[in-house]
Each structure stands twice: as structure tokens, then as C-alpha cells.
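Participant: Sequence plus the predicted model coming up.
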There are 2 protein chains.
Amino acid sequence: MIKKLIDGIKKTEAPIVVGLDPKTDFIPKRILDKAFSEFGPSQEAVAESFFLFNKEIVDNIYDLVPAVKPQVAMYEQFGLPGLEAYKKTIDYCHEKGLLVIADVKRGDIGSTSESYAIAHLGASKVGDTLIKGFDADFATVNPYLGSDGVKPFINVCNEFDKGIFVLVKTSNPSSGELQDKVADGKPLYETVGSLVETWGAESMDGSYSNVGAVVGATYPEMGKVLRDIMPHAFILVPGYGAQGGKGKDLVHFFDKDGLGAIVNSSRGIIAAWKNEKYGDPSQELLGEAARKAVLDMKEDIASALK
Amino acid sequence: MIKKLIDGIKKTEAPIVVGLDPKTDFIPKRILDKAFSEFGPSQEAVAESFFLFNKEIVDNIYDLVPAVKPQVAMYEQFGLPGLEAYKKTIDYCHEKGLLVIADVKRGDIGSTSESYAIAHLGASKVGDTLIKGFDADFATVNPYLGSDGVKPFINVCNEFDKGIFVLVKTSNPSSGELQDKVADGKPLYETVGSLVETWGAESMDGSYSNVGAVVGATYPEMGKVLRDIMPHAFILVPGYGAQGGKGKDLVHFFDKDGLGAIVNSSRGIIAAWKNEKYGDPSQELLGEAARKAVLDMKEDIASALK
């Protein structure tokens, strides 16, 4: 699966993933009004507004980027209707030719991790029928439980040609509380990085593995070290834009060939219409503004990588 | 909320939580046949069989234990119908007076963690209406992202009178890969234990905090240390029974007052009907066998605590 993502990056010349993390605050009034007039104040209304919102963004950016990353928590918050909008979003992105990274940060042990892997990447056997779950292309995975928690995901990746990104160093301010603890002479995130490289050997797909890593743009120096520790892991980089990361911070996440990393931006793109830089907010130019913000981000990264 | 759990433990004299982790392998043929004849080979059929299975167990154990713990991965694996069965299970358990610990092991940062907390414990504001999500009483939380990931859960606990159990030392064989790493002169699980005690101060509810910890029965010596490090944290103990933990291993997880811990068993109870000890498997005595297995477990723990 990582090969498909790399093909998409090469084709679009954009190592960019758009985070589809809807919040009602980000949704233009015209969309909210439409959904709420149809469904009243309900989970169904929010779910419908999320899907309409995502669709308008996707329709305007699908030719510019290889992938999107919906954050499942945003949808899960609105119960079953929310999760239905999540599934519809995944399916719609697939229709438009985008790969989908499910930001689910799941992780458990043994058969439970296997169930999560099947839920988000695989299919379950029902009688003699294989029935797909949410059917994303990649999922993010939490490593706190060790190999028992990650290997079932890798097995499902191998069976269904999918990929994962394991949390190594997250972008948030308090990520260091555990991840930076120094044990065996190195910070824990390096230990996790080494594990990612080891796990990844079981699912190579060209020069890279289907087992990638999450490393926050907000920690560029650590990104540099981790790039060396994990030569076969693609890095998913959150924290660009609204969280403070800039193009120049990203250089060391990439390999010499300009590959090896894909950068996420959510708010900076999906809420760009609220930024006067991209037009009058009262006009609610959701799709246009998202497109311009992606093009800006593409240029920022390209000029940093030059 | 932890007070309510303690009241339930005192009333039933059973510091026991029954893990509602259905798998088709555990479900009697009569239930599968009923569900599959109604829905054909589909997610809906599996979901219906899960709910019927849970209901029969709950009907036979609700007076014996204070709480149940559904593992959401089992349901998530079967998509939206699976998650509908999960929600129906929670609601049914509430009707029967049981508390529900949602084993979701969620964890993210900032507003994303808040969304997960709302999804599983709180309510979202839709217009002027508050709409509950899955509405469990407790949720399990992964600490790998640090305070940023946990505090939003605590805020929701305080707002809605709910509780969490933070993963400290998990029951699986490879849990030590990260959790046992020694940094600052102590293993990481002790650092997490100290954080749990600190976080817990923000949500005290009687002698204990609404912020508890998960510590596996399979690591009794670590449980002893963690009991001392976290005097105000209730410990949720998985790994009893099928994973190898025995009553005598549990002694040190409890306080001197016989409180402070609640022990989970899943397979040992919900699949007890397949064990000849509890009757002829061909008779599929699901509920009766579960009840006997709970009573056995209650005795095993009581005699260990004497």
C-alpha cells in the first residue's frame, strides 16, 4: 500500500495529506442550515453537515493531493450517525481516487488488536462471506502495549495490502512526558522508532515498508534523528500549520530523494475559508479557500525541500 | 462515579467486572442460527447475535456483579451494525442496574481527546440540545500522548460524573517492551502510575479518584508497587482466568480495606458454557454457566483476600 501512496505523491508532487476533521465551528452556515432544517437538532444533522462539508472540500482538492486523513474522534463524538458520515466520507474519497489514512490511534492486545485492524483496514468473515469494515487504506496505531498490539495490524496489512503509521513522537506539548524519557541511554521515542523499523521488515513494499511512523512537525530535531533510525519507514507528519510547524521544519523528515514523509494539515485547509487571506469569510468560500490553502502549503514545502 | 462503583462492589461483595467481548466462536449455535436466519450472512446478523448473547449473560449475572466491560473492538469490527449492538448492550446493562466500563483504550490530544471523551462518556451540544454519545460510565484511556491526552477526559468526567482507567501496566506478554523501560531510575509504568495519582487529584470522589488505572493480573509484583504509588486510584485488573491470572495473584492489587481493585474476566465467564466443568457444552447453557463461573470467581477472589 505504501507504494500506492508514493505513486500518488509523485503524481501530484504534493507530499500532503488533508485532515478531514470537521467541527461545527468550521462549517459554513449555509451547510449547517441545510442539514439542521432537514434533520432538526440531532446527531443526524451534524453528521449530514460533516459529510456535506467534507464533500465540498474533497471536490476541490482531490486532484492536488494523494490522500486525506479523517480523525475518527470527530465523528465518533456524534454516535452512530457520526460514524455513518465517517464511512460515507471514506467511500466518497475512494470514489475520487484519494487514499484514506484513518486517524484512529487504536491499539490493544492480540485478538483485540486484530479486531481493530479488521474494523479499519480488513474484512471479517461472516459465514463464508468476507465483509469489509470501514475499509481505509492506512490506520494510525498506538504502540504503548508493545509488539502484541502492533503485529496483528501488520498481519492484516499483509493480508489486505494496507498500511499503518505507529505513533512514535506526537506533535503535542506534553508528548515528552513519556515519549522523551531516557531509558537504555536513549529517549523512548527512539526505542519505538527502532521497533517500527524492526516491525516494518515484515511488510516491505518496494523501498519502504507498510509500517510507517507518526512524528510531529513540532519536533524537527527529533524528526532528523528518527529519519536515520527508521530508513524504511514513511513518516506521517502532523502539526504543520495551526499547531506551529512550518515548511522549513520539515526538511529532515524527508529522505534525500524527497520522499519518506507526508505532511498533514487539517484546520489550515478545511477552515481556510475563515481566514481573510483566502477571501471574505462572509462569502463562505469553503472549497475555493481549501484549494488555495493546499496550493500554498505545496509551495511552502517544495521551497523548503529545494 | 467511582463511589457508585464502590457501592456496587460492597452490595454484591464482588469486586468483579464481566467482560462482554463477544466472538462468534463463543456464541451458541441456537443464537447464531436465529440471527443468521433473520439477517442472512451480514454484519447485521453478527451484531444481532452479539446482542442476544450479551443479553442472556447479563440476565443471568446482573445481580451478582456491579459492572460489565464491553470491549468495543469486538463490535467495531462489524461496522455500524456492530456498534449499534454495542450501544444497545450499554443501554441494556444500564436498564439492569449495571455500571458499564467502555474498554475503548482511546487517547489523542487536546480537542480530539475531548471528542473521544464526549463520544464515550459525555454529551455533545447540538444547537441548544445536549445529545449523549455511547454513554458508558467509565472508559479506558491510553497515556502515551501524556497529560494533553488525558486531561480532556478528566474534564468530561468532572462535568458528567464519570470515570476513566488509564493503561499503566497491561496484562500482555510484550507489555514490558515500553512499559518496563527504566528511566529516571524507575520503570515507565511507575512514572505513569505517579501521573495517574497526580491527575486523579483533579477528580476525587470520596476516598478514591475517578481516575483509575489498568494493571494486569499477570504482573502481581508490579501491582504491589503500583498499589503503593497510587493510593487514590482504583485498579482495573484484566488478565484473570484465561490469560493466566489467579485469585492469589490479586491480593496486592487491593487495599487493606479489601477495596481499591476490580477484576475483569471475559472468556472465563462468557464462554464458560463451552467448559465441561459447567455442564454439557452441547446443551449450550450460556447463562447458567456464566452465573456459575462468576460465583466461582467470586469465591476464588474472596478466599485469596481472606
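Facilitator: Received, thanks.
Participant: State the number of residues packed around residue A:275.
Facilitator: 14 (other C-beta atoms under 10 Å in any protein chain shown). (Glycine included, C-beta is placed from N, CA and C.)
Participant: right, and it touches residue A:289 too?
Facilitator: Yes - using C-beta atoms under 8 Å, residue A:275 is in contact with residue A:289, at 7.1 Å.
Participant: low pLDDT regions in the stretch 151-300 of chain A?
Facilitator: Applying pLDDT under 70 to the stretch 151-300 of chain A flags the ranges A:242-245.
Participant: Which strand or helix spans residue A:227?
Facilitator: Per DSSP states H and E: residue A:227 is located in helix A:220-229.
Participant: And residue A:167, by the same measure?
Facilitator: Judged by DSSP H and E, residue A:167 forms part of strand A:163-169.
Participant: near chain B, anything from that strand?
Facilitator: Yes - judged by C-beta under 8 Å from any C-beta of the partner chain, strand A:163-169 comes into contact with chain B at residue A:167.
Participant: Give me the sheet partners of that strand and which way each runs.
Facilitator: Strand A:163-169 sits in its sheet next to strand A:138-141 (parallel), strand A:211-215 (parallel), going by DSSP bridges.
Participant: out of these, deepest packed?
Facilitator: Highest mean neighbour count among the strands paired with strand A:163-169 (mean count of other C-beta atoms under 10 Å in any protein chain shown): strand A:211-215, with a mean of 30.
Participant: Within the helices and strands, which one has the residue positioned nearest the centre of chain A?
Facilitator: With distances taken as C-alpha atoms, centre = their mean, the residue of chain A nearest its centroid is residue A:69 (3.5 Å). Per DSSP H and E: residue A:69 is located in strand A:67-70.
Participant: Is there proximity between that strand and chain B?
Facilitator: No - Strand A:67-70 stays clear of chain B (C-beta under 8 Å from any C-beta), getting no nearer than 11.7 Å.
Participant: if you average pLDDT over that strand, what comes out?
Facilitator: For strand A:67-70, the mean per-residue pLDDT is 98.
Participant: Centre of the chain to it, how far?
Facilitator: Remark: strand A:67-70 is offset 5 Å from the chain centroid, using C-alpha atoms, centre = their mean, to the nearest Å.
Participant: packing partners for it?
Facilitator: When contacts are defined as 3 or more C-beta pairs under 8 Å, 6 or more residues apart in numbering or on different chains; DSSP states H and E, strand A:67-70 sits against strand A:16-20, helix A:79-95, strand A:99-106.
Participant: Give me the sheet partners of that strand and which way each runs.
Facilitator: The partner list of strand A:67-70 in its sheet, established with DSSP bridges, is strand A:16-20 (parallel), strand A:99-106 (parallel).
Participant: Can I get the next helix-or-strand element following the strand holding residue A:167 as CSV, trimmed to CA atoms?
Facilitator: Downstream of strand A:163-169, the next assigned helix or strand under DSSP H and E is helix A:176-179. The C-alpha coordinates for helix A:176-179 follow below in CSV (Å, rounded to 0.1, in the frame of the first residue of the first chain):
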residue,chain,number,x,y,z
GLY,A,176,7.6,14.3,26.1
GLU,A,177,6.2,13.2,29.4
LEU,A,178,6.6,9.6,28.4
GLN,A,179,8.0,9.7,24.9
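Participant: tell me which residues of helix A:176-179 are tucked away?
Facilitator: For helix A:176-179, the neighbour count (16 or more other C-beta atoms under 10 Å in any protein chain shown) marks A:176-179 as buried.
Participant: Need these in TSV (columns: distance to residue A:166).
Facilitator: Shown next, in TSV, are the buried residues of helix A:176-179 (distance: C-beta to C-beta, whole Å):
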residue	distance to residue A:166
A:176	18
A:177	18
A:178	15
A:179	12
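Participant: Going by distance to chain B, which of those residues wins?
Facilitator: When the buried residues of helix A:176-179 are compared for distance to chain B (C-beta to the nearest C-beta), residue A:177 wins out at 3.6 Å.
Participant: Contacts only, for the spatially closest residue to residue A:259 that is not a sequence neighbour.
Facilitator: In space, and not counting its chain neighbours, residue A:259 is closest to residue A:6: 6.1 Å by C-beta to C-beta, 6 or more residues apart in numbering or on different chains. With contact set as C-beta atoms under 8 Å, 6 or more residues apart in numbering or on different chains, residue A:6 has these partners: A:206, A:208, A:234, A:259.
Participant: Return the distance of the third one relative to chain B.
Facilitator: Applying C-beta to the nearest C-beta, to the nearest Å, the value for residue A:234 to chain B is 20 Å.
Participant: Could you measure from that residue over to residue A:89?
Facilitator: 23 Å (C-beta to C-beta, to the nearest Å).
Participant: Please say which of the two ends up with more neighbours.
Facilitator: Shown here are residue A:234 and residue A:89; by other C-beta under 10 Å, residue A:234 has more neighbours (28 against 24).
Participant: For stretch A:55-66, what is the distance to the chain centroid?
Facilitator: Counting by C-alpha atoms, centre = their mean, stretch A:55-66 comes out at 15 Å from the chain centroid.
Participant: Endpoints of that stretch, how far apart?
Facilitator: Terminal residues of stretch A:55-66 lie 16 Å apart, using C-alpha to C-alpha, to the nearest Å.
Participant: Give me the contact list for it.
Facilitator: Counting by C-beta under 8 Å, 6+ apart, A:5, A:7-9, A:11-12, A:14, A:16-18, A:20, A:31, A:68, A:89, A:92-93, A:96-99, A:262, A:269-270, A:286-288, A:290-291, A:294-295, A:298 sit against stretch A:55-66.
Participant: For ChimeraX, what selects the buried ones among those residues?
Facilitator: Per 16+ other C-beta under 10 Å, the buried members of those correspond to this ChimeraX selection:
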select /A:5,8,9,12,14,16,17,18,20,31,68,89,92,93,98,99,262,269,270,286,287,288,290,291,294,298
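Participant: Would you mind giving me the confidence score for residue A:125?
Facilitator: 87.
Participant: which non-adjacent residue is nearest it?
Facilitator: Nearest to residue A:125 is residue A:131, by C-beta to C-beta, 6+ apart, at 8.0 Å.
Participant: One more: residue A:300?
Facilitator: For residue A:300, ignoring the flanking residues on the chain, the nearest one in space by C-beta to C-beta, 6+ apart is residue A:247 at 3.7 Å.
Participant: Verify the contact between the one you found and residue A:306 for me.
Facilitator: No - with contact defined as C-beta under 8 Å, residue A:247 does not reach residue A:306; the gap is 10.2 Å.
Participant: who's more crowded, those two?
Facilitator: residue A:247 (20 against 7).
Participant: contacting residues for that one?
Facilitator: With contact set as C-beta under 8 Å, 6+ apart, residue A:247 has these partners: A:240, A:297, A:300-301, A:303-304.
Participant: can you check residue A:278 too?
Facilitator: The contact partners of residue A:278, taken as C-beta under 8 Å, 6+ apart, are A:272, A:285, A:288-289, A:292-293.
Participant: Residue A:227 now?
Facilitator: Taking C-beta under 8 Å, 6+ apart, we find residue A:227 in contact with A:235, A:252-255, A:260.
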